[in-house]
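Peer 1: model this:
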Amino acid sequence: MLRRGRDRGESVPVKLDVDRASVDAARRDPSAFEALYRKYVAQVYSFALYELRDQHAAEDLTAQVFLRALAGLPRFREQAQPPESSFRVWLFQIARNAISNEKRRLRRHPDTSIDLAVAIPASDDVSATAAQRDELRRVLAAIDELPDDRRRALVLRFVHEMNTREIGQVLGRSEGATRVLIHRSLQAVARQLGRRVGAGRSGAAESRRSRN
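Peer 2: Here you go, the predicted structure:
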């Protein structure tokens, strides 16, 4: 596919959605939607689990997202011109909206949730594994304290490896604003971790003085 360049009127290539063939097949035959489901179910579930911190809630929400995507597939339109859209971005937009709705429901009707398990590959070095877990918990705790868009931007960037353009499309921001958002989010996490490390050292020093 070609489109006209903005400045000189020349034709330039347009990047095609990598899922176009699968989307077209699913439109012709809904059973073909399984290929899209298999490709993205783990990513959507991971996103939901990180946001909701409850395995059962994340499973239910993931199912809802794909049901909504299947039902809305005839209305989905790939867009090469701004605001650009791909099936993956559209799917994560559905997930973001579903998560926001679920969080509003939970605020009205709070339930006891299961803490998210921190999974780190097993290691023969028990002390190293424990240190890794502690470090990851501190990072997750710092990310948790960020406002919703900042937290989601980091999750989409470093967990799902989306680029800034895709993240901006999911969050409804420009690419430039998304870069600023990610930069400021990382700065906030670094400041939070620095304060916690400093507080931990002060507490340890005070504990040693009290024993002596």
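Peer 1: quick one: low-confidence ranges for this protein?
Peer 2: Filtered on pLDDT under 70, the chain yields the residue ranges 1-16, 80-84, 109-136, 196-212.
Peer 1: quick one: the strands in it?
Peer 2: All strands of the chain, identified by DSSP state E, fall at 2-4, 11-13.
Peer 1: contacts only, for Ile94.
Peer 2: Under the criterion of Cβ atoms under 8 Å, 6 or more residues apart in numbering, the contact list for Ile94 reads 65, 68-69, 72. Quick note: C-beta positions are derived from backbone N, CA and C, even for glycine.
Peer 1: generate a PyMOL selection restricted to the buried subset of these.
Peer 2: One line in PyMOL is enough to select the buried members of these, burial here meaning 16 or more other Cβ atoms under 10 Å:
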select buried, resi 65+69
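Peer 1: got CSV for the contacts of Ile94, with distance to Gln43 too?
Peer 2: Written out in CSV, the entries for the contacts of Ile94 read as follows (distance: Cβ to Cβ, whole Å):
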residue, distance to Gln43
Val65, 11
Arg68, 16
Ala69, 13
Gly72, 18
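Peer 1: between the contacts of Ile94, which is nearest Val18?
Peer 2: Ala69 (16.1 Å; Cβ to Cβ).
Peer 1: which residues touch that closest one?
Peer 2: Under the criterion of Cβ under 8 Å, 6+ apart, the contact list for Ala69 reads 33, 36, 76, 90-91, 94.
Peer 1: again, but for Arg96
Peer 2: Contacts of Arg96 were listed using Cβ under 8 Å, 6+ apart, and they are 152, 170-171.
Peer 1: let's see that with 6 Å instead.
Peer 2: Residues counted as contacts of Arg96 (Cβ atoms under 6 Å, 6 or more residues apart in numbering): none.
Peer 1: again with Leu67
Peer 2: With contacts taken as Cβ under 6 Å, 6+ apart, Leu67 has no neighbouring residues.
Peer 1: and the gap between the residue lying closest to Ser85 once chain neighbours are set aside and Gly168?
Peer 2: The spatially closest residue to Ser85, leaving aside those adjacent along the chain, is Gln79, at 4.4 Å (Cβ to Cβ, 6 or more residues apart in numbering). When Cβ to Cβ, to the nearest Å is the yardstick, Gln79 and Gly168 sit 14 Å from each other.
Peer 1: of the contacts of Ala69, keep whichever come out buried.
Peer 2: The neighbour count (16+ other Cβ under 10 Å) marks 33, 36, 76, 90-91, 94 as buried among the contacts of Ala69.
Peer 1: how about those in a markdown table, adding distance to Leu146?
Peer 2: Rendered in a markdown table, the data for the buried ones among the contacts of Ala69 read as follows (distance: Cβ to Cβ, whole Å):
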| residue | distance to Leu146 |
| --- | --- |
| Phe33 | 34 |
| Leu36 | 30 |
| Phe76 | 30 |
| Trp90 | 25 |
| Leu91 | 23 |
| Ile94 | 23 |
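Peer 1: if we can go back for a sec, what about the residue nearest to Ser85, distance to Ala190?
Peer 2: Distance of Gln79 to Ala190, computed by Cβ to Cβ: 36 Å.
Peer 1: more neighbours: which of those two?
Peer 2: Gln79 (14 against 11; other Cβ atoms under 10 Å).
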